[in-house]
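**Student:** Predicted model and sequence follow; I will ask about them next.
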Amino acid sequence: MPRIENPDRVVIALGGNALGDTPAEQIAKVRAAAPTLLKVIGMGNEIIITHGNGPQVGMIQNAFAVANEASGGKYPKIDLPECGAMSQGYIGYHLQQAIGAAMHRNFKRWHVATVVTQIEVDPDDPSFQNPTKPIGAFMTKEQADAELAEHPDWTIVEDSGRGFRRVVASPEPKKIVEAPSILNLLDDEFIVIACGGGGVPVVRDYSDKGCYKGVAAVIDKDMAGELLAEDCRADMLVLLTAVDHVAINFGKPDQVDLEDITTEQAKEYLAEGQFGKGSMEPKVRAAIKFAESRPGRTCIIGSLEKADKAISGKSGTRIHM
């Protein structure tokens, strides 16, 4: 990749809508997205890509559970940390191939690499005492009781009359273990894919000389993307989702699409409850944290299809100090 003098460094977070629900759909979607990602580089930027993985983790976990049951226990069940690592690997593989195909069509010879990423969390994070993040398939009462008998450390709750689901903690990300590797790849002019699905949560195991061990938890992917942007010394964080703008009074006759707001305005809208807790609110919180982490930083929330326009100020919602 020819070096651009003082390029802007941009972290791009692909929402779940960018990946689809099946491997075939995912390949089609990332192939459609790749040319837009190359446009961002063509504007004079270095890019780091992160992504969601919720449907993919569920698919992997369910596949192993079905295989375990069908084989009478011959094939093991796989817990959340391993499922998260597997999803990072195969989503990264699809992104690498899609970006490679787009580069081939545009006669580019850039390098792209996926880093299966661990993120250290605090074992005393309050969320471990009050897990609320649902994962996996719905279960009957009998299935839930059987799982609890096998895994007494799990928390399983009834979910709005739809059945029972396991819930896990959603701790705050503290440290990206592979940050030095990511920075080295960036310095060697790689397009880097990292922190997929919020990364694999790990804690220090002081019974094993302080080595890391995975924990069954889910890190918010937007907050992990924010930490990645800070650690990579990025100038801009771009959170891509299904809509062109953040809006207030969403879905109402007086809906207003926001184009440019300060972090103080964003905090006021949060306090009013303007943003969906499971959708836009975590993105706005990540945007505020990044914009306030260093003067001159900006976060943009917008749609994947208009990522290049969002970065050039023609679409999306810009959040800054």
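**Tutor:** Thanks, I have it. Residues are numbered from 1 along each chain as shown.

**Student:** Could you verify that Asp21 is part of a strand?
**Tutor:** No. According to DSSP: H, G, I helix; E, B strand; the rest coil, Asp21 belongs to no strand; its state is coil.

**Student:** who touches it in this structure?
**Tutor:** Counting by C-beta atoms under 8 Å, 6 or more residues apart in numbering, Asp21 makes contact with Pro55, Met59. To be clear about C-beta, it is placed using only N, CA and C from the backbone, and glycine gets the same treatment.

**Student:** run the last query once more with 10 Å
**Tutor:** Taking C-beta atoms under 10 Å, 6 or more residues apart in numbering, we find Asp21 in contact with Lys29, Gly54, Pro55, Gln56, Gly58, Met59.

**Student:** Mind checking what secondary structure the first one has?
**Tutor:** By that I understand Lys29. Lys29 is classified as helix under three-state DSSP.

**Student:** Which of the contacts of Asp21 has the largest number of neighbours?
**Tutor:** Neighbour tally across those (other C-beta atoms under 10 Å): the maximum, 26 neighbours, falls on Gln56.

**Student:** and that one, what element?
**Tutor:** In this assignment (DSSP states H and E), Gln56 forms part of helix 54-70.

**Student:** and that helix, which residues are buried?
**Tutor:** Going by neighbour count (16 or more other C-beta atoms under 10 Å), the buried part of helix 54-70 is Gly54, Pro55, Gln56, Val57, Gly58, Met59, Ile60, Gln61, Phe64, Ala65.

**Student:** Between the two ends of stretch 233-242, how far is it?
**Tutor:** 27 Å (C-alpha to C-alpha, to the nearest Å).

**Student:** quick one: it to chain centroid distance?
**Tutor:** In terms of C-alpha atoms, centre = their mean, to the nearest Å, the centre of stretch 233-242 is found 11 Å from the chain centre.

**Student:** which one of the contacts of Asp21 is nearest Lys133?
**Tutor:** Of all the contacts of Asp21, Gly54 has the smallest distance to Lys133: 10.0 Å, by C-beta to C-beta.

**Student:** which residues does the closest one contact?
**Tutor:** Gly54 neighbours (C-beta under 10 Å, 6+ apart): Gly16, Leu19, Asp21, Ser87, Ile135, Gly197, Gly198, Val218, Lys221.

**Student:** among the residues you listed, which ones are buried?
**Tutor:** Of the contacts of Gly54, these count as buried by 16+ other C-beta under 10 Å: Gly16, Leu19, Ser87, Ile135, Gly197, Gly198, Val218, Lys221.
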